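3D model of this:
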Amino acid sequence: MSWSDDECRPSYAAVALSQLCINTTIVTNTTQHHFTNLDYKNFNLDIEKADRLFNAIKTDNVKKLNKLKSVQAPKEIHTNNWLVNFSKTELPSEIKDTLSLGPNHGLPYKNVNLPIDDILSSVELALITKDGITIDKVRSNISQLIGNRLVKHPPKSHCQITSKVKQTIEFLKQNNHLVVTDADKGNISVVMDKTDVEQKYQDILNDSSTYTLISRDPTIEIQKQVNDMISLWQQKKFIDSNSAKNLKTHKSPPPKIYFLSKIHKNNVPLRPIVCTSNYHIQDTRSFVNKIRNTQTPPEHLLVSLDVKSLFTNISTKLAISLISRNWPNLKSHTNINKKEFLAATKLCLDSCYFAYEDKFYQQIFGVAMGSPISPVVANLIGITNQPGLGDTFILIQFIP
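Reported below is the predicted structural model:
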């Protein structure tokens, strides 16, 4: 079958669907031809059920195809919802279009030289705590992937990127007084004046009740304390040798701090995040997906609470006291004794430090935003009936 230029050509999906219908009819007729001398009563009932199911699926797929045909890709980027400019500089439309794509957008690079040295060094660093079989397997896979890449895409001396990205890079170089960062919520890019941002950085770091400047990097000292504690756990049979090997760290880099803009609040305050882990909820949608199959016990409500500067207002001494007081309920979840458990918790809570512009800061009160232990401690304090804490938690939303 062929179509003239004036006729409407059906999509490949529509042709395939039509062919599927034809093939199904052929199979059905052939089956009936070979069984003409049998009792068709039950067999025909099965055929009728299959036909009804097929027709229902076919109808549903045709509706989806028609819906997809009516949808067209947008011809331009709408930047209003994905970029906020708090600076005093007017941004050209091309710059807005590029920045509104966000940090997760994949740039159309072609024939890019692989940073092989960086890849191999990063892989080797990640393999330090792994066993020999895992190391050999990962090295083999990485070598094969790099080799295949180099065969298909030989190294070139240049790369190609879109003109808008080039314009944006050049614009930001010429306007180095601008800072582009992420918003605290909504996956939105934020443009601010560098002087305003740095002043807000210093206001946070100069809070002497929360942070203090320290003279040197404490990473090696803390790493040794943690590794010694893990060795002690292994000696006391709290953990096996494989767990101890995986828990120990070597040549760890110091955690760094970064800031997210709270664009939904007045004066755009910043949220400090200490980059130590990936334990976080990305957005409301990821939270809903995470709890989708969670069953709420009878006579319980799942609520959302908003507490101002929650983590930096948590007393670590109170956290240790609550763990000690609730040990009868906690001990069934671990084979580590109370003394070692409290010592490990105290080490984690007292080791909140970070690097910022070649300087090191120690958090002297509260727990770090970004540390895996912080949400656990916050939940423990939140669910405990403590005097004076009742007015701290504000109910802002119910989730049925």
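
buried residues in stretch 325-342?
I336, F341, L342 (16 or more other C-beta atoms under 10 Å). C-beta here means a position set from N, CA and C on the backbone, and glycine is covered the same way.

tell me the mean pLDDT over that stretch?
Here stretch 325-342 scores 90 as its mean pLDDT.

quick revisit: in JSON lines: the buried residues of stretch 325-342, plus distance to D240.
Formatted as JSON lines, those follow (distance: C-beta to C-beta, whole Å):
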{"residue": "I336", "distance to D240": "13"}
{"residue": "F341", "distance to D240": "18"}
{"residue": "L342", "distance to D240": "22"}
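
Could you give the number of residues near the residue nearest to V123 when sequence neighbours are not counted?
In space, not counting the residues next to it along the chain, V123 is nearest to I142; the distance is 5.6 Å by C-beta to C-beta, 6 or more residues apart in numbering. For I142, the count of nearby residues is 16 (other C-beta atoms under 10 Å).

and if you look at the one 4 residues further on?
If you count neighbours by other C-beta under 10 Å, I146 ends up with 14.

my read is it is in a helix, agree?
Yes. Under DSSP: H, G, I helix; E, B strand; the rest coil, I146 falls within a helix.

wait, isn't it in contact with I116?
Yes. Counting by C-beta atoms under 8 Å, I146 touches I116, with 6.3 Å between them.

what's the span of stretch 200-212 from first residue to last?
Across stretch 200-212, the terminal residues are separated by 17 Å (C-alpha to C-alpha, to the nearest Å).

residue ranges with poor pLDDT in the stretch 51-200 of the chain?
Along the stretch 51-200 of the chain, the model assigns pLDDT under 70 to residues 68-80, 106-114, 153-161.

Could you check how many residues crowd around I273?
19.

how near is the closest residue in space to it that isn't next to it in sequence to S351?
In this structure, I273 finds its nearest non-sequential neighbour in G370, 4.7 Å apart by C-beta to C-beta, 6+ apart. Distance of G370 to S351, given as C-beta to C-beta, to the nearest Å: 13 Å.

Now do the helices in the stretch 151-300 of the chain.
163-174, 194-205, 219-235, 241-247, 284-291 (DSSP state H, counting those that start in this stretch).

Please name the residues that touch Q202.
If you count contacts by C-beta atoms under 8 Å, 6 or more residues apart in numbering, Q202 has none.

now the buried residues of stretch 325-342 in CSV, with secondary structure?
As requested, the buried residues of stretch 325-342 are arranged in CSV below (three-state DSSP):
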residue, secondary structure
I336, coil
F341, helix
L342, helix
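
Tell me where the model's unsure across the stretch 251-400 of the chain.
Checking the stretch 251-400 of the chain against pLDDT under 70 turns up 276-283, 303-307, 383-400.

Show me the strands in it, by range?
For the stretch 251-400 of the chain, applying DSSP state E, counting those that start in this stretch gives strands covering 256-261, 270-275, 302-306, 353-356, 359-363, 394-399.

thinking again about what came up before, I'd guessed the residue nearest to V123 sits against L120; true?
Yes. Assessed by C-beta under 8 Å, I142 is found in contact with L120 at 7.4 Å.

what's the distance between A343 and I364?
20 Å.

Find the nearest non-adjacent residue to L380, please.
L380 sits nearest to L322 (C-beta to C-beta, 6+ apart), 5.6 Å away.

Double-check the one you found against I381; I have them as touching.
Yes. Using C-beta under 8 Å, L322 is in contact with I381, at 6.5 Å.

residue contacts, V138?
Contacts of V138 (C-beta under 8 Å, 6+ apart): V123, L127, K130.

So the last one lies in a strand, does it not?
The reference is to K130. No. If the criterion is three-state DSSP, then K130 is coil and not within a strand.

if you skip the residues just before and after it, what's nearest to it?
Nearest one to K130, counting by C-beta to C-beta, 6+ apart, is V138 at 7.4 Å.

How about the secondary structure of the one you found?
V138 - assigned by three-state DSSP - is helix.

What are the phi and psi values at K88?
The phi/psi pair for K88 (degrees, to the nearest 10) reads phi -90, psi 0.

same thing with the one 5 residues further on?
Its backbone dihedrals place S93 at phi -60, psi -40, with angles given as degrees, to the nearest 10.

where's it relative to L99, distance?
From S93 to L99 the distance is 11 Å (C-beta to C-beta).

higher neighbour count, the two?
L99 (24 against 11).

Distance-wise, check that one relative to Q174.
For L99, the distance to Q174 - C-beta to C-beta - is 15 Å.

what does L342 give?
56 Å.

can I see the domain layout of this protein?
12-70, 83-182, 207-217+254-399 (automatic domain parsing).

Need the ones you listed in CSV (columns: distance to Q225).
Shown next, in CSV, are the domains of the chain (distance: least, C-beta to C-beta, whole Å):
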stretch, distance to Q225
domain 12-70, 58
domain 83-182, 17
domain 207-217+254-399, 6
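
For D196, which of the ones you listed is the nearest?
With C-beta to C-beta as the measure, domain 83-182 is the member of the domains of the chain nearest D196 (7.6 Å).

Can you give me the end-to-end span of that closest one?
9 Å.

Next: stretch 183-193.
15 Å.

Now do the buried residues in it.
Under 16+ other C-beta under 10 Å, the buried positions of stretch 183-193 are A183, D184, I188, S189, V190, V191, M192.

now, which of these sits nearest S231?
So of the buried residues of stretch 183-193, ranked by how close each gets to S231 (C-beta to C-beta), first place is D184, at 39.9 Å.

Without its sequence neighbours, what residue ends up closest to that closest one?
Closest residue in space to D184, ignoring its immediate chain neighbours: L260 at 4.2 Å, by C-beta to C-beta, 6+ apart.

My guess is that neighbour contacts D182. True?
Yes. If you go by C-beta under 8 Å, L260 and D182 touch, sitting 5.7 Å apart.

on that earlier part again, which members of the buried residues of stretch 183-193 occur in strands, if any?
S189, V190, V191, M192 (DSSP state E).
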